[in-house]
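In: pasting the sequence and the predicted coordinates here, then a few questions.
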Protein chains: 2
Amino acid sequence: MIESRDPESLVADLTRQGVESAYALIKSKIKRTPVLTNESISTIATGSDRIQTTLFFKCENFQKGGAFKIRGATYALEMLKAEDLENGVITHSSGNYGQALAIAAKAKGIKAYIVMPSNSARPKIEATKSYGANVHFSGPTAPEREYVTETIRKTTNARLIPPYDHPHIILGQGTVLLELMCQTQVEYGQQLDAVIVPVGGGGLLAGCALAAQGTGVRVFAAEPALADDCFRGVEAGRRVPTVTTTTVADGLRTPVGIINFPIIQKYVEKVFTVSEEEILAAMRLVWERMKIVVEPSGAVPLAVALSDRWKVEGVNGKVGIVLSGGNVDLDKVGELLKKS
Amino acid sequence: MIESRDPESLVADLTRQGVESAYALIKSKIKRTPVLTNESISTIATGSDRIQTTLFFKCENFQKGGAFKIRGATYALEMLKAEDLENGVITHSSGNYGQALAIAAKAKGIKAYIVMPSNSARPKIEATKSYGANVHFSGPTAPEREYVTETIRKTTNARLIPPYDHPHIILGQGTVLLELMCQTQVEYGQQLDAVIVPVGGGGLLAGCALAAQGTGVRVFAAEPALADDCFRGVEAGRRVPTVTTTTVADGLRTPVGIINFPIIQKYVEKVFTVSEEEILAAMRLVWERMKIVVEPSGAVPLAVALSDRWKVEGVNGKVGIVLSGGNVDLDKVGELLKKS
């Protein structure tokens, strides 16, 4: 655990108010990312036989570090006492979370130790280093990563900050929906009817589900069919603790966390799964029509909104789409775009 | 000529006030595109030995049709009488201008005939058709394109709307800088010191140069070294009427227009040229750090701001960068990104 307080009392903060408190503390430290609309994509989502759908895209691909992860990382560090941080912080991550923690640690003037699989893409390693982090390498499997992390943690006495399975991380990520709702109202004069959120470890999804409480916004989850532990867990009424997958949505290859799962069970209306082809087609559409770079994981909610399964759900009107990240390996972009 | 008024009187409107009048007429019909900043790119532009430079990116890649061209096209149509438009409008274009005129014509409920070289990229042809235009094909050279255009114009009696060499087009494109200056002030509380604008036919550059008059904003041009007719023309004091080039910046393969050239001579402080490598490196940086899709032509101004030649110019402070378009053939993106 990363905090000195009793875990039970932390879970008790898991409310919309908890998300609002998190936002008050982090908003000056993160970017308020834009909310964009796109007429041609909304037209495609509407189809020929439905009431007008308007999609509101929350562009967390423009966030510091290229993804929403900085929100939770910043809040987790803000909630720790100075003495808990004096030896720095540590985590293992192959992707966006490592960069986010490195940025948040740099902003607080403390050390960050990031354990990355040695087969991580070079640009991700470079980016993490560029934020001043001490990067260490491990083998690619979870046990190998955890072993190296634990070894360094013992040597340095750095504080472990988990990527999603923690109340503060959940509350921090939930600020995405707070902002999206506010911007849709202030900038477009509209109220959201629903939001579609990607799910990997479930930090963002659980946080958004909390942020939606009492607002009338319906919360749906979007998951790659090749990494459908959340979908299966919700169906079975029991968390699926592992997932082995090669989905192109590499940010969503994680099983849902222990704290995250019951929140999702309680507050998320439905989990939709999408195929690899649907993910890549949605990604390409965003690049082509919106002229913005979104990573495959970040395009999963749009893939849901464009699918026939979503259409039978009957949600029309104003739908929020979280574009959760934009970190793609540009050397491999040609390949990704060609697949679709 | 596309207008009924005396050409001399039209040229007399070529002032900042003329740009303001154009803006009043078109602003409800175009997108007010966002102005973004990016800390890491500004840091690179600053370098180690200079006063802090902050770049303000005007994202015309998010404009309707994916480029700034809709501004001039819309204004040109607004300034014509209904009887001048009843047979529709016509132009030849291999790129963004054809799409822009198609969109502007559709908004006015009139026909658009767009002549495209038969070797145009398929997505561009599809996009132009998707806006309801009648697309015709010609050979790739200027005489072939002009011949087909003239033949169709005679048959249809459609009104020819040139892409850049016209006062209304110039004034419409100049609204890019009006908006950029306003947004930099209102959204960031800053005043621009300078702006770097790409130059092909010179509609955007001449328009921005007019919009800058009396404001203290210094105007610089950015041109591919492989298509440096503007640079050479300004040096020689005489317009260079043709340019043959294969620059990757395909939107800038045009010689500067007759009306455009004297405005550029008079009001643009300096024309900078950049290599193909510099253009592609700047483009990649925008994709990587800003997570937005810009076409090679649209990255030319940033390539200038990052070059050593720009640094010796001594412009520090607040510099506007016009990202003029985002229409790339996604099937060829891998190749473009790899080159750099």
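Out: Noted; the coordinates are in hand.

In: just read off the phi/psi values of the residue in the stretch 51-200 of chain A that chain B sits nearest to.
Out: Distances between the stretch 51-200 of chain A and chain B by Cβ to the nearest Cβ are smallest at residue A:61, namely 4.6 Å. The way it works is simple: take the backbone N, C-alpha and C, and place the C-beta from them, glycine included. With angles defined as degrees, to the nearest 10, residue A:61 sits at phi -70, psi -20.

In: in this structure it contacts residue A:328, no?
Out: No: look at residue A:61 against residue A:328 with Cβ atoms under 8 Å: they stay out of range, at 9.5 Å.

In: anything in contact with each of these two?
Out: Listed as contacting both residue A:61 and residue A:328 by Cβ atoms under 8 Å, 6 or more residues apart in numbering or on different chains are A:293, A:295.

In: what's the helix or strand hosting residue A:154 in contact with?
Out: Residue A:154 belongs to helix A:142-156 when assigned by DSSP states H and E. Applying Cβ under 8 Å, 6+ apart, the contact partners of helix A:142-156 are A:87-88, A:90-92, A:111, A:113, A:115, A:117, A:136-139, A:158, A:160.

In: try it again at 6 Å.
Out: A:87, A:90, A:92, A:113, A:115, A:136, A:138, A:160 (Cβ atoms under 6 Å, 6 or more residues apart in numbering or on different chains).

In: and if you look at stretch A:46-66?
Out: A:31, A:33-36, A:42, A:45, A:68, A:70, A:99-100, A:103, A:180, A:184, A:294, A:298, A:316, A:318-327, B:291.

In: how about the most centrally placed residue in chain A: what's its closest non-neighbour residue?
Out: Centrality entry for chain A: nearest residue to the mean C-alpha point is residue A:204, 4.6 Å, by Cα atoms, centre = their mean. Leaving out its chain neighbours, the residue that sits closest to residue A:204 by Cβ to Cβ, 6 or more residues apart in numbering or on different chains is residue A:173, at 4.3 Å.

In: so the one you found, which of the three states?
Out: What DSSP: H, G, I helix; E, B strand; the rest coil gives for residue A:173 is helix.

In: which residues does it contact?
Out: Taking Cβ under 6 Å, 6+ apart, we find residue A:173 in contact with A:71-72, A:203-204, A:207.

In: again, only this time at 10 Å
Out: A:19, A:22, A:60, A:68-73, A:75, A:164, A:197, A:201-208, A:210-211, A:260, A:322, A:324 (Cβ atoms under 10 Å, 6 or more residues apart in numbering or on different chains).

In: next: residue A:287.
Out: A:293-294, A:299, A:328, A:333, A:336-337, A:340, B:287, B:292-293, B:326, B:328, B:330, B:333.

In: just the contacts of helix A:142-156 that are near chain B?
Out: Contacts with chain B are made by none of the contacts of helix A:142-156, judged by Cβ under 10 Å from any Cβ of the partner chain.

In: just flag the most distant two among those residues.
Out: Spatial extent of those (Cβ to Cβ) is set by the pair A:87 and A:138 at 20.2 Å.

In: run a quick neighbour tally on residue A:80.
Out: Using other Cβ atoms under 10 Å in any protein chain shown, residue A:80 has 18 other residues around it.

In: now swap in residue A:78 and tell me
Out: Residues near residue A:78, counting by other Cβ under 10 Å: 15.

In: with residue A:51 instead?
Out: Other residues near residue A:51 come to 9 when the count uses other Cβ under 10 Å.

In: what do you get for residue A:146?
Out: For residue A:146, the neighbour count with other Cβ under 10 Å is 13.

In: okay, it and residue A:85: tell me how far apart.
Out: The spacing between residue A:146 and residue A:85, counted by Cβ to Cβ, to the nearest Å, is 22 Å.

In: same question, residue A:199
Out: 30 Å.

In: who has more neighbours, these two?
Out: Ranked by neighbour count (other Cβ under 10 Å), residue A:199 and residue A:85 place residue A:199 first, with 32 against 18.

In: next step: the contacts of residue A:173 restricted to helices.
Out: A:19, A:22, A:69-73, A:75, A:203-208, A:210-211, A:260 (DSSP state H).

In: of the residues you listed, just the buried ones, PyMOL syntax please.
Out: Selection command for PyMOL covering only the buried members of the ones in helices among the contacts of residue A:173, criterion 16 or more other Cβ atoms under 10 Å in any protein chain shown:
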select buried, chain A and resi 19+22+69+70+71+72+73+75+203+204+205+206+207+208+210+211+260
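
In: any idea what sits nearest residue A:168, other than its immediate chain neighbours?
Out: Per Cβ to Cβ, 6+ apart, closest to residue A:168 is residue A:76, 4.4 Å.

In: which ones are touching the one you found?
Out: Per Cβ under 10 Å, 6+ apart, neighbours of residue A:76: A:2-3, A:22, A:26, A:89, A:101, A:104, A:159, A:161-163, A:166-172.

In: over to residue A:94?
Out: Residue A:94 is in contact with A:115-117, A:119-121, A:124-125, A:138, A:140, A:145, A:250-251, A:253-254, counting by Cβ under 10 Å, 6+ apart.

In: hmm, 8 Å instead?
Out: Residue A:94 sits in contact with A:116-117, A:120, A:124, A:140, A:250, where contact means Cβ under 8 Å, 6+ apart.

In: ranking the residues you listed by neighbours, who comes first?
Out: Counting neighbours by other Cβ under 10 Å, residue A:116 comes out on top of the contacts of residue A:94 with 24 neighbours.

In: run through who's touching stretch A:328-340.
Out: A:121, A:123-124, A:248, A:276-277, A:280-281, A:283-284, A:287, A:293, A:295-296, B:284, B:287-288, B:330-331, B:333-335, B:337-338.

In: swap in 6 Å and give it another go.
Out: A:121, A:123, A:280-281, A:284, A:295, B:288, B:330, B:333-334, B:337.
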